[in-house]
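1. Provided below are the primary sequence and the corresponding predicted coordinates.
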Amino acid sequence: MKHAREITGQMPVGQMAEMADLQGMVVSCLRQWNRGGAVAALEMLRAYMAEVQALATFEALQDLTGVLAPHMRRPLRCHAPHCACVGMDEAAFARFVEEAALGAREDALMLASLLVEARAILPLTDAAGRLGLNLHRAVLGARRSAMPDPVSQTRH
């Protein structure tokens, strides 16, 4: 049976508001890089983290896109930077980066095999792990700064 419509990587599968913090940041980075290039991605990172961490994250993003661009199986489809929905390609890419960053290496390698040809799987996964860890640090820092200050500085 044939589908009534073509299923593409841009088909919405979720909402940005429903994504975990790390996955949302990955999607935002991907969208900025895709629409505005390196400058837009770096400016977005600077808005979320300190300069040194933003530059380290940007370097990891450059490494990731440097491996991804020449070896990807097909172009990733992205929504506009401020779109509320998340496309299928964006969700899969965010999941891949999260798995690589948080230690599920076998799962990350399997997901990478869907994105790129075989010789690029390991370099892509390594770069995704570095990008994801930097973004995860930014998420944790934002959570820590959102916590109220204790009434007393005394710790028991």
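-> Thanks, I have the structure now.
2. to which secondary structure element is residue 8 assigned?
-> Counting by DSSP states H and E, there is no helix or strand that carries residue 8.
3. now do the same contact list for it.
-> Neighbour list for residue 8: 77, 88 [criterion: C-beta atoms under 8 Å, 6 or more residues apart in numbering]. For the C-beta atoms, the positions are set from N, CA and C on the backbone; glycine is no exception.
4. quick one: it and residue 79, what's the gap?
-> 12 Å (C-beta to C-beta, to the nearest Å).
5. same thing with residue 111?
-> 20 Å.
6. now residue 64
-> On the measure of C-beta to C-beta, residue 64 and residue 79 end up 19 Å apart.
7. so these two - more neighbours on which side?
-> residue 64 (27 against 20; other C-beta atoms under 10 Å).
8. show me where this structure has its helices.
-> When assigned using DSSP state H, the helices of the chain occupy the ranges 21-48, 51-71, 88-101, 105-115, 121-146.
9. check which residues of the first one are buried.
-> Under the neighbour-count criterion of 16 or more other C-beta atoms under 10 Å, helix 21-48 has 22-34, 40-42, 44-45, 48 buried.
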